[in-house]
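Peer 1: Please find the sequence and the predicted model below.
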Amino acid sequence: MSGGSPAAGSLMVADYVVFALMLLVSAAVGVYYAWVSRGRGNSKDFLTGSRKLTALPVSMSLTASFMSSTTLLANPAEVYRYGAIFLLFGVSYVLAMVVTSELFLPFFYRLSLTSTYEYLELRFNRATRLLGTVVFMIQAILYTGIIIYGPALALQQVIDMDLWGGIISTGAVCILFDINPLRRHTFWTMITGGTFGWVAIYGVHQAQVQRYVSCKSITHARIALYINLVGLCSFLLCSVFAGMCLYSIYKDCDPWTAGHVSAPDELMPYLVVDIFTGYPGLKGLFFAAVYSGSLSTVSSSINALAAVTLEDLIKPYTNMSEKHLTWVSKGLSFFYGVVCITMAGLASLMGGMMQAGAVISGITLGPLLGLFTLGILCPFANSKGGLSGLVTGLVAALAFCLASLISPPIPEMTRPLPMTTEGCNFATGDSLNWTSTALPTEPSTITTAPIQNSDGIHLLTDKWQSPSYLYLSVIGTATAFIVGLMVSLFTGGWKERVDLRLTLMREDTTIYHIFKFFKGKVMRRTEEFDLTKNREEKSGNTNPAFYDTEMDSTISSIPK
């Protein structure tokens with residue numbers, strides 16, 4: 001890496017050709033299928049694929065929904081700044097898929113609901129459903145704005161618009177089993193917070209539920225979920241490896257500290273432009289991948305927003321025909337596309353893409369996860385408990401988020417990896433905002449921690465430290481569930497009669513079917529054994545030439 005910054009506008013003709021070709025193909029596919037399917041099907045067919053899909057396409061759709069600009073840009077930057085402990089998200093992926101497969105997937109598949117939030121009205125009341133719908137819409141619009149912001153951030157970089165052991169030991173081993181909830185990344189924040197976050201996404205998020213209920217059987221839905229797990233782990237490994245490559249190349253000249261990039265999320269585009277300058281087309285291929293990842297996530301969110309709006313806000317209050325509903329759903333998709341593009345302009349104010357996405361999902365999806373879990377697992381939960389739990393969970397998660405903005409975590413809690421600019425070949429300007437921990441006569445070791453004003457800007461820092469952003473989903477889920485549980489108990493939830501179909505049934509779980517299978521085998525073995533024993537008693541153990549009557553007469557003839 002040279003000391004200078006890659007020049008803006010450094011894409012070649014071949015790069016633009018590859019990038020434009022990707023956009024053209026993506027648009028052509030959408031136009032083709034829109035033309036071919038015109039006039040066919042109804043609104044549910046448009047949103048759920050007629051519920052006849054097999055495991056493979058659904059699993060690819062689930063994985064593609066995760067593969068966004070955050071995966072390509074923000075995750076490697078997170079590894080670059082905070083270390084390879086990010087790899088522990090793989091464990092939370094596995095736990096989240098198991099919980100989703102055993103708790104939420106069979107339940108929603110059995111109900112066959114187009115809108116996940118339709119369940120809230122069936123289980124609680126219409127007010128709870130409407131509030132849940134609004135919370136989801138806010139989450140989807142804000143998160144989609146972040147995803148759209150990613151490609152723009154990438155193009156901004158190029159258009160005017162013993163190292164390995166050190167990074168692993170610094171980023172993972174030193175904080176592996178630290179139980180401090182204030183640390184940004186530890187073993188427990190990654191596993192606990194990550195699991196709750198991903199269960200919220202795959203368990204109750206409209207976009208994901210809408211996919212696996214479109215499968216033709218629950219077996220295909222479960223297979224799709226676990227194939228998707230392989231894709232998630234593959235992308236995670238690639239992200240961590242990319243972040244380690246970033247640290248390997250720029251450890252002696254940190255582009256962010258040096259002012260070459262305005263945000264850590266620009267590091268991957270910076271790397272691509274820096275090292276692929278002599279390879280026409282490769283830079284364009286990377287930016288095409290960034291846009292492709294964003295397109296998959298954005299289309300998923302827009303489709304989910306259209307489905308929720310149609311099922312929760314339009315159908316209950318109108319008597320439109322299926323043809324009109326289909327056109328309305330397509331119009332809603334266009335409308336939400338425009339709204340999400342508008343929200344992308346605000347994403348630049350939210351900090352890093354990865355953390356911003358996790359915070360938004362934690363504040364909104366965490367309480368929703370608590371609400372759905374309450375309704376599914378607790379037959380005595382009532383509408384008062386559900387509504388109060390959701391509101392309280394939202395307030396609690398939002399309060400912790402605002403507290404972290406007022407009093408940001410100190411470097412001791414985030415533990416960024418050490419960075420330096422001693423390898424840069426440029427004159428250091430006074431405008432650079434960096435903190436040197438070395439004397440002027442020594443090579444300067446620079447950290448990426450911002451300078452803190454000593455005039456008391458953060459007066460609460462010494463008295464209050466916010467928990468890791470990954471715990472927001474845990475806080476929201478736990479608060480919504482516990483408050484909803486308590487309110488239901490104190491407002492006569494035990495006296496209300498609930499349709500058991502709206503709660504988790506033992507037939508929904510894999511454990512029940514496994515137990516039933518083995519119980520059946522044991523029963524058959526027992527029956528076969530009893531049958532064999534009876535047959536032997538009748539045919540083998542009794543001598544047909546010697547009868548009991550003869551034995552009785554023989555005994556009676558013996559003199560007493």
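Peer 2: Structure's in. What do you need? Residues are numbered from 1 along each chain as shown.
Peer 1: Please report phi then psi for G145.
Peer 2: Backbone torsions for G145, taken as degrees, to the nearest 10, come to phi -60, psi -40.
Peer 1: Let me fix that, I meant to ask about C215.
Peer 2: phi -70, psi 160.
Peer 1: Quick check: beta-bridge partners of it?
Peer 2: Beta-bridge pairing of C215 under DSSP bridges involves L53.
Peer 1: Report pLDDT for it.
Peer 2: Looking at C215, its pLDDT reads 86.
Peer 1: before we move on, what about the one 5 residues further on?
Peer 2: At H220 the predicted local distance difference test score is 89.
Peer 1: give the contact list for the spatially closest residue to it that is not a sequence neighbour.
Peer 2: Nearest residue to H220, sequence neighbours excluded (C-beta to C-beta, 6 or more residues apart in numbering): A55, at 4.2 Å. From N, CA and C alone the C-beta is placed, and that goes for glycine too. A55 is in contact with C215, T219, H220, A221, I223, A224, I227, counting by C-beta atoms under 8 Å, 6 or more residues apart in numbering.
Peer 1: any chance of those in a markdown table, plus distance to V209 and secondary structure?
Peer 2: Below are the contacts of A55 laid out as a markdown table (distance: C-beta to C-beta, whole Å; DSSP: H, G, I helix; E, B strand; the rest coil):
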| residue | distance to V209 | secondary structure |
| --- | --- | --- |
| C215 | 11 | strand |
| T219 | 17 | helix |
| H220 | 15 | helix |
| A221 | 10 | helix |
| I223 | 16 | helix |
| A224 | 12 | helix |
| I227 | 17 | helix |
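Peer 1: Quickly check these for the two that are furthest apart.
Peer 2: Maximum pairwise distance in these, criterion C-beta to C-beta, is 12.5 Å, between T219 and I227.
Peer 1: of these two, who's got more company?
Peer 2: A count of neighbours by other C-beta atoms under 10 Å puts I227 above the other of T219 and I227, at 16 against 10.
Peer 1: Please verify my assumption that the more buried one contacts P57.
Peer 2: No: in this structure I227 lies outside contact range of P57 using C-beta atoms under 8 Å: 10.3 Å.
Peer 1: List the residue ranges of the stretch 1-150 of the chain that fall below the pLDDT cut-off.
Peer 2: For the stretch 1-150 of the chain, the stretches with pLDDT under 70 are 1-11, 30, 32-52, 66-69, 150.
Peer 1: Next one: the residue nearest to H220 from T100, what distance?
Peer 2: Noted for A55: a distance of 15 Å to T100, by C-beta to C-beta, to the nearest Å.
Peer 1: Check A306 too.
Peer 2: 23 Å.
Peer 1: cool, and Y279?
Peer 2: Taking C-beta to C-beta, one finds Y279 at 41 Å from T100.
Peer 1: Quick check: closest non-adjacent residue to the residue positioned nearest the centre of the chain.
Peer 2: By C-alpha atoms, centre = their mean, the chain has its centre lying nearest to W198, at 3.8 Å. Leaving aside its sequence neighbours, W198 sits nearest to A96 (C-beta to C-beta, 6+ apart; 3.5 Å).
Peer 1: Kindly export stretch 274-292 (C-alpha atoms) in PDB.
Peer 2: Extracted in PDB, the C-alpha atoms of stretch 274-292 (Å, rounded to 0.1, in the frame of the first residue of the first chain):
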ATOM      1  CA  ASP A 274      -5.900   0.200  -3.900                       C
ATOM      2  CA  ILE A 275      -4.900  -3.400  -4.800                       C
ATOM      3  CA  PHE A 276      -6.800  -4.000  -8.000                       C
ATOM      4  CA  THR A 277      -5.700  -1.000  -9.900                       C
ATOM      5  CA  GLY A 278      -4.000  -3.000 -12.600                       C
ATOM      6  CA  TYR A 279      -6.800  -5.500 -13.100                       C
ATOM      7  CA  PRO A 280      -9.600  -4.100 -15.300                       C
ATOM      8  CA  GLY A 281     -13.100  -5.300 -14.400                       C
ATOM      9  CA  LEU A 282     -12.300  -6.600 -10.900                       C
ATOM     10  CA  LYS A 283     -13.200  -3.300  -9.200                       C
ATOM     11  CA  GLY A 284     -16.400  -3.100 -11.100                       C
ATOM     12  CA  LEU A 285     -17.200  -6.700 -10.100                       C
ATOM     13  CA  PHE A 286     -16.800  -5.800  -6.400                       C
ATOM     14  CA  PHE A 287     -19.100  -2.800  -6.700                       C
ATOM     15  CA  ALA A 288     -21.600  -5.000  -8.600                       C
ATOM     16  CA  ALA A 289     -21.500  -7.500  -5.700                       C
ATOM     17  CA  VAL A 290     -22.200  -4.700  -3.200                       C
ATOM     18  CA  TYR A 291     -25.200  -3.500  -5.200                       C
ATOM     19  CA  SER A 292     -26.400  -7.000  -5.800                       C
END
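Peer 1: Brilliant, that's me finished.
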